[in-house]
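Asker: Next input, structure requested:
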Amino acid sequence: MAVVAGCATGGLAATSSRPGRIEGLRVPLTHVDAHGNYTKLQLVRRAARRSHHRMSRLVARTTGVPMMSRKAAASAGADLQVPVHAGNGEFLMDLSIGTPALPYAAIIDTGSDLVWTQCKPCVDCFNQSTPVFDPSSSSTYSALPCSSSFCGDLPTSKCTTATKCGYTYTYGDSSSTQGVLAAETFTLAKTKLPGVAFGCGDTNEGEGFTQGAGLVGLGRGPLSLVSQLGLDKFSYCLTSLDDTSKSPLLLGSLAAISKTAAASSVQTTPLVKNPSQPSFYYVTLKGLTVGSTHITLPSSAFSVQDDGTGGVIVDSGTSITYLELQGYRALKKAFAAQMKLPAADGSVIGLDMCFAAPASGVDQVEVPKLVLHFDGADLDLPAENYMVLDSGSGALCLTVMGSRGLSIIGNFQQQNIQFVYDVGGDTLSFAPVECAKL
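Answerer: Take a look at the predicted model:
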């Protein structure tokens with residue numbers, strides 16, 4: 001693993017230099033609840049609650065419903081619209097910032113771009129388990145000027161002086177970060193990455209951030225870590241929810257489907273761009289199969305609309321899959337017809353469609369197969385990726401729900417399937433893999 005090219009840190013404050021390209025890195029990801037000693041049911045409930053919150057944010061972003069934090073609104077001014085981003089997530093990345101390097105954990109997010117962490121002196125910071133980064137203690141920190149192309153890449157920036165680019169980045173539901181855009185040396189998997197543009201946030205709010213000390217955006221926009229490092233590809237393989245093993249994130253040349261996967265199992269579908277939401281990874285969902293029922297819907301059901309709403313994204317930070325209501329109702333009807341079990345209340349878990357499992361257990365229950373048909377690729381899901389048992393109530397629940405304005409393929413459905421995002425070739429490939437062994 002090596003940094004192929006680098007930028008002199010001394011020139012970062014005065015230029016718009018981009019960080020050097022990396023050849024390949026492997027970074028372990030930790031689930032946000034990994035150290036909470038939760039039961040599987042508790043993990044599902046917590047993930048479902050976070051998913052509903054995140055889905056609301058994502059839908060708000062695509063539909064244009066304003067979701068601005070109080071502080072962001074006050075500082076931005078009444079006439080300034082602050083775009084809403086995805087925010088929060090389910091997996092943490094360990095990295096270090098500055099010289100000397102200060103370690104911290106950050107949420108990874110394929111639904112947004114900005115890399116940021118909390119910085120001293122804090123105006124308003126949430127509690128974090130590691131020391132807050134102090135720019136004055138790092139020899140490689142430099143504030144980026146308003147003339148920097150990175151400053152121009154921000155959806156909302158405010159230049160109080162020519163030497164500092166202020167930013168406000170809003171995730172919705174009282175979640176936001178604001179501060180100064182700067183450049184710094186980050187250390188990832190023992191590899192130093194000089195000149196990474198990041199938000200040095202002195203005013204940060206939102207309970208979704210408290211699992212880490214900031215966020216690393218892996219979206220398609222120019223400020224994301226993927227774009228800044230000039231990566232053509234990245235990949236992740238998410239372990240099961242109740243597996244304590246870490247999930248590998250593979251960057252650059254290491255981002256290839258594992259050789260343990262059967263060649264015939266590798267599926268590839270095009271990544272679709274939505275000019276209204278350039279950060280998201282959109283795919284084309286053509287239909288669904290539930291057991292013996294093939295569900296074909298009008299192409300408009302899951303397509304991006306002229307106003308930028310709709311479409312289907314693959315997201316690492318949402319646990320549950322959400323389907324546009326037309327598709328979800330058809331899927332729900334097919335499951336109800338084939339499960340051969342009475343309906344049960346799943347509101348305690350936070351799920352919509354549940355069945356009463358027999359007293360003898362679920363070993364003999366036949367669950368209909370669920371296949372998502374993308375453009376040129378089929379995602380054939382094992383039952384554990386879309387059904388979960390509440391052992392307390394005996395409810396067997398589907399981890400798919402309905403939505404309006406956006407469909408999301410969540411990480412429950414991605415467990416033990418390796419995904420390779422070829423951002424250079426605009427494709428998404430996937431194959432079943434035992435992620436804990438990758």
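
Asker: Which parts of the stretch 201-350 of the chain are helices?
Answerer: Remark: helices assigned in the stretch 201-350 of the chain by DSSP state H, counting those that start in this stretch are 225-228, 325-339.

Asker: neighbours around the nearest residue to Phe150 once chain neighbours are set aside, how many?
Answerer: Nearest residue to Phe150, sequence neighbours excluded (CB to CB, 6 or more residues apart in numbering): Ala197, at 4.1 Å. Glycine gets a C-beta too; all of them are placed from N, C-alpha and C. Number of residues near Ala197 (other CB atoms under 10 Å) recorded here: 28.

Asker: secondary structure element for Ala197?
Answerer: strand 191-205 (DSSP states H and E).

Asker: List the residues that contact the residue nearest to Phe150.
Answerer: Pro19, Val115, Leu144, Ser148, Phe150, Leu181, Ala182, Ala183, Leu223, Gln228 (CB atoms under 8 Å, 6 or more residues apart in numbering).

Asker: Looking at those, which is nearest Ser245?
Answerer: Minimum distance to Ser245 across these is 25.8 Å, recorded for Val115 (CB to CB).

Asker: Contacts for stretch 337-356 next, please.
Answerer: 41, 44-45, 48-49, 52, 290-293, 320, 332, 335-336, 357-358, 365-368, 388, 390, 393-402.

Asker: Tell me which of the helices of the stretch 201-350 of the chain lies nearest to Val433.
Answerer: Comparing the helices of the stretch 201-350 of the chain under CB to CB, the one sitting nearest is helix 225-228, at 21.0 Å.

Asker: avg pLDDT for that closest one?
Answerer: Average pLDDT, helix 225-228: 95.

Asker: contact partners of that helix?
Answerer: 18-19, 113, 115, 196-197, 216-222, 234, 251, 421, 423.

Asker: So which of these sit within strands?
Answerer: Among those, the ones falling in strands (DSSP state E) are Val196, Ala197, Val216, Gly217, Phe234, Leu251, Tyr421.

Asker: Tell me which two of those residues sit farthest apart.
Answerer: Once CB to CB is applied, those give Ala197 and Tyr421 as the farthest pair, at 20.8 Å.

Asker: thinking again about what came up before, then the strand holding Ala197 to PDB, C-alphas only?
Answerer: Presented in PDB, the C-alpha positions along strand 191-205 are these (Å, rounded to 0.1, in the frame of the first residue of the first chain):
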ATOM      1  CA  THR A 191      -0.900   5.400   5.300                       C
ATOM      2  CA  LYS A 192      -0.600   9.200   5.400                       C
ATOM      3  CA  LEU A 193      -2.800  11.200   3.000                       C
ATOM      4  CA  PRO A 194      -1.700  14.800   2.900                       C
ATOM      5  CA  GLY A 195      -3.900  17.700   1.800                       C
ATOM      6  CA  VAL A 196      -7.400  16.200   2.500                       C
ATOM      7  CA  ALA A 197     -10.000  19.000   2.500                       C
ATOM      8  CA  PHE A 198     -12.200  18.700   5.500                       C
ATOM      9  CA  GLY A 199     -14.700  20.600   7.600                       C
ATOM     10  CA  CYS A 200     -13.200  21.800  10.900                       C
ATOM     11  CA  GLY A 201     -16.500  22.100  12.700                       C
ATOM     12  CA  ASP A 202     -16.800  24.300  15.800                       C
ATOM     13  CA  THR A 203     -20.600  24.200  15.900                       C
ATOM     14  CA  ASN A 204     -22.100  20.800  15.500                       C
ATOM     15  CA  GLU A 205     -25.500  19.400  16.500                       C
END
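
Asker: Separate out the buried members of the contacts of stretch 337-356.
Answerer: With burial judged by 16 or more other CB atoms under 10 Å, the buried subset of the contacts of stretch 337-356 is 41, 44-45, 48, 290-291, 320, 332, 335, 357, 365, 367-368, 388, 390, 393-402.

Asker: For stretch 29-41, list every residue counted as buried.
Answerer: Of the residues in stretch 29-41, Leu29, Thr30, His31, Val32, Asp33, Ala34, Tyr38, Leu41 count as buried by neighbour count, 16+ other CB under 10 Å.

Asker: any chance of the residues you listed in TSV, with distance to Asn127, secondary structure and pLDDT too?
Answerer: Below are the buried residues of stretch 29-41 laid out as TSV (distance: CB to CB, whole Å; DSSP: H, G, I helix; E, B strand; the rest coil; pLDDT from 0 to 100):
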residue	distance to Asn127	secondary structure	pLDDT
Leu29	22	strand	95
Thr30	19	strand	92
His31	20	strand	90
Val32	15	coil	87
Asp33	18	coil	85
Ala34	19	coil	87
Tyr38	20	coil	86
Leu41	27	helix	79
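
Asker: of all those residues, which comes closest to Met93?
Answerer: Using CB to CB, those come closest to Met93 at Leu29, 5.9 Å.

Asker: That closest one touches Ser247, doesn't it?
Answerer: Yes. Shown here, Leu29 and Ser247 form a contact pair, counting by CB atoms under 8 Å, at 4.3 Å.

Asker: For the chain, give me the ranges with low pLDDT.
Answerer: The model of the chain has pLDDT under 70 over residues 1-22, 57, 61, 63-88, 160-162, 172-174, 207-208.
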